[in-house]
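A.B. asks: Sequence first, predicted model second:
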Amino acid sequence: MSYSVVVVDDHFLLSQAIGGLVQDFENFRVLYLCKNGRELLDNFENPQKIPDLVLMDIKMPILNGIETTEILKKQFPNVKVLALSIEEDEYTILKMLRAGACGYLMKDTKKDILEEALLQVMENGRYYTNTVSQILVDSLEKEIDTELKEKEIEFIKLACTDMNYKEIADKMCCSYKTVEGYRDSVHKKLKIKNRIGLVLFAIHHNLFTP
């Protein structure tokens, strides 16, 4: 199986070098190179120029990598995007992944890692380095911490004990019905169905130590 790839980077010599590397990989062939997102989208007007995967730089003139990826995910959802950039700040990485990129690599990535990433994206839909995985986990935890209200976090901690809901209500100085409301809200936000799921969440997020 041979996968087609397009390299998008505004630095021509670097783009050529990356294209040369990919062309040497057993399962990949480079269709063409582009210097920005606009040029890529113009090429996509010809169905024969739509690749399986785009190796996308971030900072480019006219149309940058994040904007281009957002357009691709809406108009060409079957095309995979793997970011290849020098940008290593958490904000840029998260923004690119949320735009629809299937992975994020730095430009100093070793040849064998690049080949592995390309294969993983095509065969499994994504490739995350340990660094990127940790950034995603940290981001999720921040979102959860922001989403949960103070009283809901207090309820989660108490629900991890052997107290029943009546005792939790007494401890929180509120009604049984209010506690049920906290329970339903927390279950919905965390997408869990029972108290066991709540305990597992609390342990993972350091809200409870068994």
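C.D. replies: Received, thanks.
A.B. asks: Where does pLDDT dip in the chain?
C.D. replies: Counting by pLDDT under 70, the chain contains low-confidence residues at 130, 133-146, 210.
A.B. asks: How is it divided into domains?
C.D. replies: The record assigns the chain these domain ranges, following automatic domain parsing: 3-139, 148-204.
A.B. asks: what's the first-to-last distance across stretch 19-34?
C.D. replies: The first and final residues of stretch 19-34 sit 11 Å from each other (CA to CA, to the nearest Å).
A.B. asks: can you offset everything so residue one is 222?
C.D. replies: All set: I'll call the first residue 222, so the last point we hit is now stretch 240-255.
A.B. asks: Show me which residues of that stretch are buried.
C.D. replies: By neighbour count, and taking 16 or more other CB atoms under 10 Å as the criterion, the buried residues in stretch 240-255 are 240, 242-243, 246, 249, 251-252, 254-255. C-beta coordinates here come from the backbone N, C-alpha and C atoms, glycine included.
A.B. asks: Tell me the one of those nearest residue 352?
C.D. replies: Closest approach between the buried residues of stretch 240-255 and residue 352, by CB to CB: residue 242, at 21.3 Å.
A.B. asks: Could you tell me which of the buried residues of stretch 240-255 belong to strands?
C.D. replies: With strands identified by DSSP state E, the entries of the buried residues of stretch 240-255 that belong to them are 249, 251-252, 254-255.
A.B. asks: Out of these, which two sit at the greatest distance?
C.D. replies: Of all pairs drawn from these, the one with the longest distance (CB to CB) is 249 and 255, at 16.6 Å.
A.B. asks: Which parts of the chain are helices?
C.D. replies: With DSSP state H applied, the chain shows helices at 233-245, 258-264, 286-296, 311-320, 332-345, 351-368, 371-380, 386-392, 397-411, 416-425, listed in chain order.
A.B. asks: Now tabulate the ones you listed in a markdown table and tack on distance to residue 280.
C.D. replies: A markdown table is the format used below for those (distance: least, CB to CB, whole Å):
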| stretch | distance to residue 280 |
| --- | --- |
| helix 233-245 | 12 |
| helix 258-264 | 11 |
| helix 286-296 | 7 |
| helix 311-320 | 9 |
| helix 332-345 | 19 |
| helix 351-368 | 18 |
| helix 371-380 | 39 |
| helix 386-392 | 51 |
| helix 397-411 | 36 |
| helix 416-425 | 35 |
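A.B. asks: right, and those - which one's nearest residue 303?
C.D. replies: helix 332-345 (5.3 Å).
A.B. asks: how about the buried residues of stretch 240-255, which pair is most distant?
C.D. replies: Considering CB to CB, no two members of these lie farther apart than 246 and 255, which are separated by 19.2 Å.
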